[in-house]
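A.B. asks: can you look at this prediction? I've put the sequence above it.
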Amino acid sequence: MYIHYFDKTYYGGYDLYQMTTGVKFERNYSDRDIKNAVRPSFRHELLEYLYYFLRVFLVVSIFFTLIRTFVFVTIGIEGQSMYPSLKDQEVVYLDLLTPRFSDYKRGDIVVVKPPQDIYEEDGKLYIKRVIGLPGESIGFDEGEVYVYNESYPDGIELEESYLEDTVSTYKKVQVAGAGHIEDKLDSEEYYVMGDNRTQSIDSRTFEEVEKGRILGKVFFVLDHDNQSGFFELPEYNINN
């Protein structure tokens, strides 16, 4: 029997509030819930599977979108400006994340958005190699590239192992010319060139490139000769 006394409920002399404190009550399942659990209908199972795959698809889609937006993208090569390092119709994977936390190095192959007037004309991004770093000047003399920085104020000839011995590099892309030294690069500027020096529109044409116009750097190359692999930074006779 229940007795109400001072707004407390007693049963047989015991305080029900104290008796039920910490007690976990289970859900009271209906006959329909029990039937669906023991012997679910086809419609019920179908809805359960659809709901499951919808959740998986949503999670994977969000994850994939975040990766493609902030981690890496694939880009197809058009043209021969980076030949022989990269060939026409090859595909490269571009690292978008690492450059956000570090600087580019000499030898990195990067994708660049050219100056606005050039970009508006053809609407294309350029893929080039980083040659000059912030604080340096790049010079050209008798077909060779020179780097001027604090360690080499008088300049040092840059040895580029990825170029054939017959390749000459001049300030004017397709025509030999007199020696020339570019202006010193600012703290956020890079000098980029294509490996195919006579067929490349690069910093010799549109000058230095601000870091903000570099979209990312190549970390994997997928080619048609079964030579796919991760990009390896070349070694130079000076620091990177």
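C.D. replies: Perfect, thanks for sending it. Please read these numbers as outputs of a predicted model, since none were measured by experiment.

A.B. asks: show me what the strand ranked longest in the chain is packed against.
C.D. replies: As assigned by DSSP state E, the longest strand anywhere in the chain is strand 214-222. The contact analysis (3 or more Cβ pairs under 8 Å, 6 or more residues apart in numbering; DSSP states H and E) places strand 214-222 against strand 72-76, strand 91-95, strand 109-112, strand 229-230. All C-beta spots, glycine's among them, are computed from the backbone N, C-alpha and C.

A.B. asks: mind listing what the shortest one pairs with, with the direction of each?
C.D. replies: What that stands for is strand 229-230. strand 214-222 (antiparallel) (DSSP bridges).

A.B. asks: which residues touch the partner strand?
C.D. replies: Here strand 214-222 makes contact (Cβ atoms under 8 Å, 6 or more residues apart in numbering) with 72-74, 86, 90-96, 98-99, 104, 108-113, 125, 127, 190, 227-231.

A.B. asks: CA-only coordinates of it in PDB, if you can.
C.D. replies: Output of strand 214-222 as PDB, limited to C-alpha atoms (Å, rounded to 0.1, in the frame of the first residue of the first chain):
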ATOM      1  CA  ILE A 214      51.900  28.600 -56.300                       C
ATOM      2  CA  LEU A 215      49.100  26.000 -55.800                       C
ATOM      3  CA  GLY A 216      51.200  23.100 -54.600                       C
ATOM      4  CA  LYS A 217      54.100  20.800 -55.500                       C
ATOM      5  CA  VAL A 218      54.300  17.500 -57.300                       C
ATOM      6  CA  PHE A 219      54.800  14.400 -55.100                       C
ATOM      7  CA  PHE A 220      53.800  11.500 -57.400                       C
ATOM      8  CA  VAL A 221      54.000  11.000 -61.100                       C
ATOM      9  CA  LEU A 222      51.800   8.600 -63.100                       C
END
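
A.B. asks: and stretch 195-208, what's buried?
C.D. replies: By neighbour count on 16 or more other Cβ atoms under 10 Å, the buried set for stretch 195-208 is 195-197, 200-204, 206, 208.

A.B. asks: which of those sit farthest apart?
C.D. replies: Farthest pair in those (Cβ to Cβ) is 196 and 208. Separation: 20.1 Å.

A.B. asks: so where do the helices sit in the protein?
C.D. replies: For the chain, the helices defined by DSSP state H occupy 16-20, 31-38, 42-70, 116-122, 203-206.

A.B. asks: quick one: buried residues of the fourth one?
C.D. replies: This points to helix 116-122. residue 119.

A.B. asks: so what secondary structure elements neighbour that helix?
C.D. replies: Using 3+ Cβ pairs under 8 Å, 6+ apart, helix 116-122 is in contact with no helix or strand.
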